[in-house]
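S.K.: Here's a sequence, model it:
(chains A and B)
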Amino acid sequence: MSHSGELLSAYLDGELTKAEELNVVGHLETCTRCQTELGDSHEARAMVRALPILDMPTWVTSGVASSPVELPVRRRPLAWAAAAAAAAFVLVVGFATFVATPPAIEITFTEISNTLRLPASQDGLPPGARAVVIARSSDGIAE
Amino acid sequence: MSDVGLTWEDVARTHGRKIYNFAYRLTGNPDDAADLAQDVLIRVKRGLATYQPGSFDGWLWRITRNAFLDDIRRKKRRPTVPLPDEVDRMALASVPAPDHVLAQVRLGPDVQNALLKLPHDFREAVVMCDIVGLSYAEIAGAVGVPVGTIRSRIHRGRGQLREMLS
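M.R.: Residues are numbered from 1 along each chain as shown, chains lettered A, B, ... in the order given. Below is the predicted model of the structure:
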């Protein structure tokens, strides 16, 4: 004979199907062991249900009221998207720098000598000077 | 209760007491229970923004259960020593006058201690059933196990309680 076992608490709680309930009731009529087990389950349930129901302290809800509501968490951009954005930035900045830089302009020593009021030789070079190339860029003069 | 347009205040009003009692019977400590209830209501407040109307009880008790399990994990990382004279103050504080109720309340601390000695899965199922009043199907939905497992946990939990209290 198989005992009702864990079906007994479900029977007590009205949680069995009709067919299961009929089986359990039929079994209980003759099985003293299951009758005792049903009584034990009933007593335990009664003791737990007799525990006092407590009121929640009021400070609980005041704490909730003052808590911020978080915004939904946004998905982090994928690493490749960040890398592509960085690469695009480098390209744009590089191209802009290239375009914005004016072409180098050669200036003769005569022009420099005149500007600085230096004595010039017959061939336009100051005495002892060597041939140099002076370039002017947008941010100053570079040799 | 319709769960369309719910606010956390509605949930606190209609379910706060159950959440607190669930937490209290699981932890055996009023301060821990209050902290846990607050954590649950904060999660509800945040979660309602994305909540899809449906099985509200299942949603709420899953949140409650997860908050409790997170609390256990936190405490395992940072264990605390309980006060030596910890007593069931809340239970004694809310005692109505009739003698038969007084007798039951005197038994209360014993029942509470027995509950705390149950394996967690049994205690959770028994408390959800007999304190919160959820059906077996609702408990199964909240815990994420078949109804047959809940049936077994409740029956075995009650059996162990009866043994400890006899």
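
S.K.: For A:Leu51, which three-state class applies?
M.R.: Using DSSP: H, G, I helix; E, B strand; the rest coil, the structure places A:Leu51 in coil.

S.K.: Looks like it contacts B:Pro109 (just checking).
M.R.: No - when contacts are counted by C-beta atoms under 8 Å, A:Leu51 is not listed as touching B:Pro109 (9.8 Å). For every residue, glycine as well, the C-beta is placed using N, CA and C.

S.K.: mind checking the longest helix of chain B?
M.R.: Secondary structure of chain B read by DSSP state H shows that its longest helix is helix B:56-77.

S.K.: List the buried residues of that helix.
M.R.: By 16 or more other C-beta atoms under 10 Å in any protein chain shown, the buried positions in helix B:56-77 come out as B:Phe56, B:Asp57, B:Gly58, B:Trp59, B:Leu60, B:Trp61, B:Ile63, B:Thr64, B:Arg65, B:Ala67, B:Phe68, B:Asp71.

S.K.: for stretch A:54-73, same thing?
M.R.: Result for stretch A:54-73 [16+ other C-beta under 10 Å]: buried residues A:Leu54, A:Met56, A:Pro57, A:Val60, A:Thr61, A:Gly63, A:Val64.

S.K.: Stretch A:21-38: end-to-end distance?
M.R.: Stretch A:21-38 has an end-to-end distance of 13 Å (criterion: C-alpha to C-alpha, to the nearest Å).

S.K.: what's next to it, contact-wise?
M.R.: A:Met1, A:His3, A:Ser4, A:Gly5, A:Leu7, A:Leu8, A:Tyr11, A:Leu12, A:Leu16, B:Gly159 (C-beta atoms under 8 Å, 6 or more residues apart in numbering or on different chains).

S.K.: Let me see the mean pLDDT of that stretch.
M.R.: Stretch A:21-38 comes out with an average pLDDT of 92.

S.K.: Do stretch B:20-36 and chain A come into contact?
M.R.: Yes - taking C-beta under 8 Å from any C-beta of the partner chain as the criterion, stretch B:20-36 and chain A are in contact, through B:Tyr20, B:Asn21, B:Tyr24, B:Arg25, B:Pro30, B:Ala34.

S.K.: In those, find the pair that's most separated.
M.R.: Spatial extent of the residues of stretch B:20-36 next to chain A (C-beta to C-beta) is set by the pair B:Arg25 and B:Ala34 at 13.5 Å.

S.K.: Count the neighbours of the nearest residue in space to B:Trp59 that is not next to it in sequence for me.
M.R.: Distance criterion C-beta to C-beta, 6 or more residues apart in numbering or on different chains; nearest residue to B:Trp59, sequence neighbours excluded, is B:Tyr51 at 6.5 Å. B:Tyr51 has 15 neighbouring residues, counting by other C-beta atoms under 10 Å in any protein chain shown.

S.K.: Check whether B:Tyr51 really touches B:Gly58, as I assumed.
M.R.: No - B:Tyr51 lies out of contact with B:Gly58 (C-beta under 8 Å); the separation is 11.5 Å.

S.K.: Look up the closest residue to residue 20, ignoring the ones flanking it.
M.R.: Just so you know, I chose chain A. A:Leu7 (6.2 Å).

S.K.: my bad, the chain I had in mind was chain B
M.R.: The nearest residue in space to B:Tyr20 (C-beta to C-beta, 6+ apart) is A:Met56, at 3.8 Å.
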